[in-house]
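In: my questions are about this predicted structure, shown below with the sequence.
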Amino acid sequence: MPGGVSSPVRAFGAVGGTPRFIRRGEGAYVEDVDGRRYVDLVMSWGALILGHAHPEVVEAVKRQAELGTSFGAPSKPELELAETITRLMPAVERVRLVSSGTEAAMSAVRLARAATGRTRLLKFAGAYHGHYDGLLAAGGSGLATLGLDSTEEQTLVVPYNDLPAAAAALEARDVAAVIVEPVAANMGVVEPRPGFLAGLREACDRTGTLLVFDEVITGFRVALGGAQELFGVRPDLTLLGKIIGGGLPVGAYGGRADLMAMVAPEGPVYQAGTLAGNPVACAAGLATLRVLERDPPYGRLESAAERLQEACAGLPVTVNRAASLLTVFFTDQPVTDYEGARRSDTAAFARLHGDLLDAGVYLPPSQFEAWFLSGAHDTAVVSRVEEALVQKLKRIIAAR
Ligand code: PMP
């Protein structure tokens, strides 16, 4: 296995040390094969908003698995998941289920190109939309971590939060779609400036460009209706993943009914999948969305994130937070884009990561990622993280 892993960041290349091999997860905790327990702030990179092995999700998976794991034919869980998504996200008038966020992004790009008759894309430096070629330019997440890059002449890249640059690029060239993480979470967390998303909406309307929100992380995370609800901006297309699979492989893309009518078999834009809309994955996602709807955890999640942010006040770090998503950067300058994020002292982050592992807290193994909380991170768990975080930060800062 290249790097010994199935996905690059897991190899700990950015922080050093030995990747932990996880054998089980329970609530806010994971346990490795050597029997050590950690408070988990990765939470399957945001998929597990209810915590590991939530009883209702486990029950839904078991029940569906007993009925069969895959049919390659329409089934009830996918219908119910699609109905729930379109009800909770009004801009998603129609939806197609796929198996990952990457697939959602590449499928939406194909649709946007067919709908506009244009090929160029505009994305933001440090954003990550999966590993589709056309969207890898200046990517964040693992690309940022590993210093990889790819140039794609069909992809225009401008700084996140730079509305004038984005608008100018759209005026200068025909672009099929602007694809944006409404809260950037793959350069670490960077909030959209007030007016940034609404400004993109206007610039897209002015130039006949489609606006695609990548809500693979933010969907059902920053609010029940995602970032589009939180910021009140309606995209043409939305990408989803993570939470809608409840920890199993699912992605989705959806949006305006007239656009989605172009997808096969109704229209000419071909896109298919053997395991698309997999019944077990959809049952897990549906169980997750039901719990979120019945007992929305967003206030509690946000308070917990706020506590961690406030605990760092007075230290020479910058804590970016959007709803419950947060990242600690080792810089005292504000971080509003990728360039700002890259000013962080990543060696200090690597120390923090290792020190917190020793203290039983598992951070994402890269500076350029969001820290994820779940409904299982109760006050006692958050206190434990807070205490360890502040203690380790102070030590690292004093030693610099
Ligand atoms: N978009 C965003 C915003 C993501 O964070 C990710 C993955 N972290 C993806 C797309 C790709 O999703 P996947 O890993 O499921 O292919």
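Out: Thanks, I have the structure now.
In: which parts of the stretch 101-250 of the chain are strands?
Out: Counting by DSSP state E, counting those that start in this stretch, the stretch 101-250 of the chain has these strands, from start to end: 121-124, 155-158, 177-180, 210-214, 237-240.
In: quick one, helices of the chain?
Out: Remark: helices assigned in the chain by DSSP state H are 43-46, 55-67, 76-88, 101-116, 142-146, 163-172, 196-207, 226-231, 257-260, 279-294, 298-311, 338-342, 346-358, 379-399.
In: and those helices, which one is worst for confidence?
Out: Least confident of the helices of the chain, judged by mean pLDDT, is helix 142-146 with a mean of 67.
In: which ones are touching Val269?
Out: Arg110, Leu111, Ala114, Met262, Val263 (C-beta atoms under 8 Å, 6 or more residues apart in numbering). The way it works is simple: take the backbone N, C-alpha and C, and place the C-beta from them, glycine included.
In: measure it to Thr116 for me?
Out: Val269 sits at a distance of 12 Å from Thr116 (criterion: C-beta to C-beta, to the nearest Å).
In: so which of the helices of the chain is nearest the ligand?
Out: Closest approach to the ligand among those (C-beta to the nearest ligand atom): helix 101-116, 2.2 Å.
In: mind saving the C-alpha coords of that closest one as CSV?
Out: Provided in CSV are the C-alpha atoms of helix 101-116 (Å, rounded to 0.1, in the frame of the first residue of the first chain):
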residue,chain,number,x,y,z
GLY,A,101,-17.4,13.7,-2.5
THR,A,102,-14.9,13.4,-5.3
GLU,A,103,-17.5,11.7,-7.5
ALA,A,104,-20.0,14.4,-6.6
ALA,A,105,-17.6,17.1,-7.6
MET,A,106,-16.6,15.5,-10.9
SER,A,107,-20.1,14.7,-11.8
ALA,A,108,-21.3,18.3,-11.1
VAL,A,109,-18.4,19.7,-13.2
ARG,A,110,-19.5,17.5,-16.1
LEU,A,111,-23.1,18.7,-15.7
ALA,A,112,-22.0,22.4,-15.4
ARG,A,113,-20.0,22.1,-18.6
ALA,A,114,-22.9,20.5,-20.5
ALA,A,115,-25.4,23.1,-19.2
THR,A,116,-23.3,26.1,-20.0
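In: how far does that helix sit from its chain's centre?
Out: Helix 101-116 sits 18 Å away from the centroid of its parent chain (C-alpha atoms, centre = their mean, to the nearest Å).
In: and for stretch 363-381?
Out: Relative to its parent chain, stretch 363-381 has a centroid offset of 13 Å by C-alpha atoms, centre = their mean.
In: for this structure, what lies in contact range of the ligand?
Out: Residues of the chain lying close to the ligand (C-beta under 6 Å from any ligand atom) are 45, 100-102, 105, 128-130, 141, 181, 186, 214, 216-217, 241, 251.
In: Pro364 contacts Val9, doesn't it?
Out: Yes: using C-beta atoms under 8 Å, Pro364 makes contact with Val9 at a distance of 7.4 Å.
In: ok, Gly354 - contacts?
Out: By C-beta under 8 Å, 6+ apart, the neighbours of Gly354 are Val15, Gly16, Gly17.
In: out of these, who's nearest the ligand?
Out: Closest to the ligand, out of all of those and judged by C-beta to the nearest ligand atom, is Val15, at 17.5 Å.
In: many thanks, I have nothing further to ask.
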